[in-house]
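Undergrad: Quick check, what structure comes out for this input:
(one chain, ligands or ions: 1)
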Amino acid sequence: MDDLVYLDNAATTFPKPEEVVEFMATFCRTKGVNPGRTGFDLALEAEGIIAGARAALARRFGGTDPDRLVFSHNVTDSLNLLINSVLEPGDHVVSTTVEHNSVLRPLYHHRERGVDVDLVPFDGHGFVDPEAVIARIRPTTRLVVMNHGSNVLGTLQPISPVGAACRERGVLFAVDAAQTAGVVPIDVAAMNIDVLCFTGHKSLYGPTGTGGMYVAEHVDIRPCRSGGTGVKSALERQPDEYPWRLEFGTLNTVGIAGLLAGQRWIDTQGGVEAIHAREMELWRRLREGMTAMDGVVLYAAGSEERHLPVLAFNIEGLPPEKTGQLLDVDHGIITRTGLHCAPLVHAGLGTAATGGTVRFSLGAFNTGADVDRALAALAEITEYALAGTRL
Ligand SMILES: Cc1ncc(COP(=O)(O)O)c(C=O)c1O
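TA: Purely as a prediction, here's the structure:
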C-alpha cells in the first residue's frame, strides 16, 4: 500500500526529510573520508561537518562547549557507556519504573555486581513524583538516572527539581532524552542535567546509528572503554580531553552529517516548539475522537501540557497485537504494539499480562487526514470488537 499512515514515530521518525537524505548522499560522495586522523583538505572538510553537528546539537541542548557533545551509536550506547563507567559494587542508584530497557538492563547487570538499584514507581497519571525520587537519595547514591519522556505513555517527567536536588547533594544526574530530544526544548543548565543522553534517529531527524551525550562542564566521566581517537596516539590510555575522552574508534560520519542536516531541517520548520505545537494539535484531535468512542481505553492521556504526541490505548475485547494487525492489514496504519521495551510501565498499568498496549506516535510529517484515517479505522475496529463480545 503506498498510502500508508505511519504512526510509529516514537520508534523512529519516518520518512526522514529529503534534505537529510540528500546531505548524507552528497557527504558520502564528496567527503566520505576519515576525519580527525590527518590533515589533508578532504579530511578537514569532513571534520568541519562533524564539528558543525557538535555545535548544532550542543546549542539545541543549551550546552556551551561543543566538545562536550560526544557522539555514540544511539541512546542505548550512551546510557551503557555512562552507567558502566560510573557504577561500582557498593554504589546505590536511583531510577524509575518508567524507564526503557536501555536503562533497566544495564542497571540489572550492575545489581548482580552488588549495586543497590532503587526504582521509584509512577502514579496513576503516568508521572513520577520528583520528591519521591529525591527522598531515595542517600550517602552511597552515585547516580540518579531518569527518563524524560515515556515512550509508552508520552508523559513528560519533572526532571529539573530532581536535577537541582542531585546538584546540591553532589550526585550525578543523567537523563534519557530518547523521546524528548527534538520534541521539547531542553536546556542542560536550566534543567540541572549533568549528562544528557540522546538518540539521533527519532525527533532529531537523523538516521539510525546516531546518538550521543552532552556532558556538563563540571562533570568528568572516566570511561570504561578505550580505543583509537586519531589524537595523542602515544598515550596508553584514553585522552582526558573531550570529545576524545568518550569517543572510541571511527565515528559514523555519514550518519552524523545526516544528523546535522536534521538540525538544519528542524530550524526551517520553525524549530522544536513549532513542530511540537503542530503535533500536539493532531494529538488533541486524535484523543478527542478516541475519547468519544465506546470500547477504547486510553492510558495516561489526561495532561496536555506535560505530554508528548504519543497515545497509549487498547480496544476492549481485543489483544493489542490483534488491534495493531487490523490497523496495519485492513487500514494501512502503522503502529507499535506490545511492551515497547518498558516492561515495568506495563506492570504498573496492569497491561503486562495481556500483551501491553497499542501506541500511536505522531511526527512532523503527519497530517489531519492521517488522524481522520486512524479515527475511521478505530470506529470500524471497535464495532468489530463489540460485535465479537456480544457473540
Ligand atoms: C525512552 C527510550 N529510551 C531508550 C530508547 C532506545 O533508543 P535507541 O534504540 O535509539 O538506543 C528508546 C527507543 O525506543 C526510548 O524510547
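Undergrad: Show me the shaky parts of this structure.
TA: 1-2, 37, 389-391 (pLDDT under 70).
Undergrad: got the residue ranges for the strands in it?
TA: Secondary structure of the chain by DSSP state E: the strands cover 5-6, 69-72, 92-96, 116-120, 141-147, 172-176, 195-199, 211-215, 296-299, 310-315, 333-334, 336-338, 357-361.
Undergrad: Name the residues that touch the fourth one?
TA: Residues outside strand 116-120 that contact it (C-beta atoms under 8 Å, 6 or more residues apart in numbering): 91-97, 99, 107-108, 110-111, 128-129, 132-133, 136, 140, 344. Bear in mind the C-beta positions are built from the backbone N, C-alpha and C, glycine included.
Undergrad: of those residues, buried ones?
TA: 91-97, 99, 107, 110, 128-129, 133, 344 (16 or more other C-beta atoms under 10 Å).
Undergrad: can you give me the helices for the chain?
TA: Taking DSSP state H, the helices of the chain run over residues 18-31, 41-60, 75-86, 101-112, 130-135, 159-169, 253-268, 272-291, 320-331, 343-349, 368-390.
Undergrad: Pull out the buried positions in the longest one.
TA: Read it as helix 368-390. Going by 16+ other C-beta under 10 Å, helix 368-390 has these buried residues: Asp370, Val371, Arg373, Ala374, Leu375, Ala377, Leu378, Ala379, Ile381, Thr382, Tyr384, Ala385.
Undergrad: quick one: it to chain centroid distance?
TA: Relative to the centre of its chain, helix 368-390 is centred 29 Å away, using C-alpha atoms, centre = their mean, to the nearest Å.
Undergrad: Just list what that helix packs against, helices and strands only.
TA: strand 5-6, helix 272-291, strand 310-315, helix 320-331, strand 333-334 (3 or more C-beta pairs under 8 Å, 6 or more residues apart in numbering; DSSP states H and E).
Undergrad: hmm, back to that, which one of the strands of the chain lies nearest to the ligand?
TA: The ligand lies closest, by C-beta to the nearest ligand atom, to one member of the strands of the chain: strand 195-199, at 3.5 Å.
Undergrad: Spell out which parts of the stretch 51-200 of the chain neighbour the ligand.
TA: Asn74, Val75, Thr76, His100, Ser102, Asn147, Asn151, Asp176, Ala178, Gln179, Thr199 (C-beta under 6 Å from any ligand atom).
Undergrad: For those, which two are the farthest from each other?
TA: Across those, no pair lies farther apart than Asn74 and Asn147, at 15.5 Å, counting by C-beta to C-beta.
Undergrad: Give me the more crowded residue out of these two.
TA: Asn147 (28 against 22; other C-beta atoms under 10 Å).
Undergrad: isn't that one right up against Glu99?
TA: Yes - with contact defined as C-beta atoms under 8 Å, Asn147 reaches Glu99; the gap is 5.2 Å.
Undergrad: Now do the residue nearest the centre of the chain against Arg306, distance only.
TA: Note on the chain: the residue nearest the mean C-alpha position is Ala178, at 1.0 Å, using C-alpha atoms, centre = their mean. Distance check for Ala178 against Arg306: by C-beta to C-beta, to the nearest Å, it reads 17 Å.
Undergrad: what does Ser233 give?
TA: Taking C-beta to C-beta as the measure, Ser233 falls 48 Å from Arg306.
Undergrad: For these two, work out which one has more neighbours and name it.
TA: Arg306 (16 against 9).
Undergrad: The more buried one is in contact with Gly154, isn't it?
TA: No - counting by C-beta under 8 Å, Gly154 is not a contact partner of Arg306; they are 9.3 Å apart.
Undergrad: follow-up on the earlier one: so what's in contact with Asn147 and Glu99 at the same time?
TA: With C-beta under 8 Å, 6+ apart as the test, Asn147 and Glu99 both reach Asp176.
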